[in-house]
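Novice: Coordinates for the following, if possible.
(3 chains)
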Amino acid sequence: MTHYWLMKSEPDAFSIDDLKRLKKSPWDGVRNYQARNFMKEMKEGDKVFFYHSSCSPSGIAGTAKVSKKAYPDHTSWDASSYYFDPKSTQDNPRWFMVDVEFVEKWPSILTLAELKQDSVLADMLLTKKGNRLSVMPITKDEWEYITVMLKK
DNA sequence: GCCAACGTTGGC
DNA sequence: GCCAACGTTGGC
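Specialist: Numbers count the residues shown, from 1 in each chain, chains lettered A, B, ... in the order given. Model prediction:
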């Protein structure tokens, strides 16, 4: 069964255009346990909203899909990497990543402000105050509703 | 750049 | 196990 997710990235570091160009990319550098646990639940073919964060405007930029399920994030073993974590070992990897594949770039960003304005989406994790999760689940209803919003 | 809201760390 | 101090995220 397909599950639905939202993944945040700062477009200065990695944007929907980067993914479009590369077609497929590892989603490395997640260093939050809740986000990691969600990635471990991902299955190949799961659908992903690609969210641009810490930019203007912040919002959903397009869609992607999971092309490889969770495997150890090797950047946690690389002492020269920004994402290095000495507590993550080969025998007992602490951090994981998935591969995502480009699906679609939307004609415009569906902004956080627009998402917040919609009462139907009031229960979304994303629009809740103080939510900083970089990987979060989306319900099927939310996925379909947001997809329709875009086409208006 | 500010700062609220979290998450993590480490002393006790 | 508590909790203060510190670090990070991310909208504004």
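
Novice: Find the residue closest to whichever residue of chain A sits closest to DNA strand C in space, skipping its chain neighbours.
Specialist: As assessed by CB to the nearest atom of the strand, DNA strand C sits closest to residue A:58 within chain A, at 3.6 Å. Every residue, glycine included, has its C-beta placed from N, CA and C. Distance criterion CB to CB, 6 or more residues apart in numbering; nearest residue to residue A:58, sequence neighbours excluded, is residue A:112 at 4.8 Å.

Novice: Tell me which residues touch that neighbour, please.
Specialist: By CB atoms under 8 Å, 6 or more residues apart in numbering, the residues touching residue A:112 are A:57-59, A:126-127.

Novice: What parts of chain A come near DNA strand C?
Specialist: For chain A, the residues in contact with DNA strand C (CB under 7 Å from any atom of the strand) are A:8, A:10, A:31-32, A:53-56, A:58, A:112-113, A:116, A:132-134.

Novice: List just the nearest of those to residue A:83.
Specialist: Comparing the residues of chain A next to DNA strand C against residue A:83 with CB to CB places residue A:31 closest, at 6.6 Å.

Novice: OK, contacts around the closest one?
Specialist: Going by CB under 8 Å, 6+ apart, the list of residues near residue A:31 reads A:83, A:85, A:95.

Novice: that older thread, just the residues of chain A next to DNA strand C now: which is nearest residue A:18?
Specialist: Residue A:18 has its nearest neighbour among the residues of chain A next to DNA strand C in residue A:10, at 11.1 Å by CB to CB.

Novice: from what I can see residue A:134 touches residue A:35, true?
Specialist: Yes. Residue A:134 is in contact with residue A:35 according to CB atoms under 8 Å; the separation is 5.0 Å.

Novice: What average pLDDT does stretch A:46-59 get?
Specialist: The pLDDT scores in stretch A:46-59 average 96.

Novice: cool, and stretch A:130-138?
Specialist: The average pLDDT for stretch A:130-138 rounds to 93.

Novice: now do stretch A:12-28
Specialist: 96.

Novice: Identify each buried residue in it, please.
Specialist: For stretch A:12-28, a neighbour-count test (16 or more other CB atoms under 10 Å) marks A:14-16, A:19, A:25-28 as buried.

Novice: Which pair of the residues you listed spans the longest distance?
Specialist: Counting by CB to CB, the most remote pair of the buried residues of stretch A:12-28 is A:16 and A:28, 16.8 Å apart.
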